[in-house]
Each structure stands twice: as structure tokens, then as C-alpha cells.
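Enquirer: Need coordinates for the following:
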Amino acid sequence: MDAPQQRAREFAVMPHHGRRTRPDPLTQVNAPRWLVVRDELSRPIEALTLAPMADLRAALLEEREARAQEGWQAEEIAPSVAFFFCTRDGARRCVRIEAFAPGTAPL
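Expert: Take a look at the predicted model:
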């Protein structure tokens, strides 16, 4: 048996551990978070501090509903992300949960 065949055989008998689940970016954490609205150039235009252990998913869903009530076309929030986009009158915004206050993230 040549080397490539041997490696293929060794790989075939290795245990398969399955697919790892993705972490939930909206899991409650014991630290403040920020709900930030950014413009097309990613500049923060609104920010709201969320208390430690806040329900981040509920905060994002409430903001999405509020934007929709204001006439914004809000996109769905995918299960494994902490943001959504919304548009109105040609303006596009990204609303997201961030771990750092706007302008304070380490580089």
C-alpha cells in the first residue's frame, strides 16, 4: 500500500465527532453590551447601552419591530447573527449588538 492510500485508510478509521454547533452571539452575558445603529459607512448614529444579563435577542427584536413601525423595511434576523439591516427612502442602516461602546473597541 502506498503512502496516500495508507493516509486515506487511517483517516477513514478515525472517529467522527460531528459538526460543532455555532455559538449564539445573543447569549446573555454578565457584561454591558450596546445596541448600535450604523449608517452606510459604518459610522455609529445611535447607541443604547444594554445592562449586563440583558436579553439581547429581545432587545434586537424590539428594535426591529420599532424600526418597522417607523416605516423601515427591516430584514429578518438570522439565527446565528446579532444584527439586521433596514432601509427607508434610500437610506440603509445596520442595527447590531456590539461588545464595545462605539468608538472604544481596541485595535
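
Enquirer: And the longest helix seen in the chain, what does it pack against?
Expert: Taking DSSP state H as the criterion, the chain has its longest helix at helix 56-69. Helix 56-69 is packed against strand 33-38, strand 73-74, strand 83-88, strand 91-98, with contacts defined by 3 or more Cβ pairs under 8 Å, 6 or more residues apart in numbering; DSSP states H and E. In short, each C-beta sits where N, CA and C put it, glycine included.

Enquirer: and it, what's its mean pLDDT?
Expert: Mean pLDDT, helix 56-69: 97.

Enquirer: Check stretch 34-49 too.
Expert: On average, the pLDDT along stretch 34-49 is 96.

Enquirer: Give me the buried stretch members for it, please.
Expert: Going by neighbour count (16 or more other Cβ atoms under 10 Å), the buried part of stretch 34-49 is 34, 35, 36, 37, 38.

Enquirer: Name the residues that touch it?
Expert: Identification of contacts with stretch 34-49 by Cβ atoms under 8 Å, 6 or more residues apart in numbering yields 32-33, 50, 59-60, 63, 91-103.

Enquirer: Narrow those residues to those that are buried.
Expert: With burial judged by 16+ other Cβ under 10 Å, the buried subset of those is 33, 50, 59, 60, 63, 93, 95, 96, 97, 98.

Enquirer: Go through those residues and name the one nearest residue 84.
Expert: Distance to residue 84, by Cβ to Cβ, is smallest for residue 95 among the buried ones among the contacts of stretch 34-49, at 5.6 Å.
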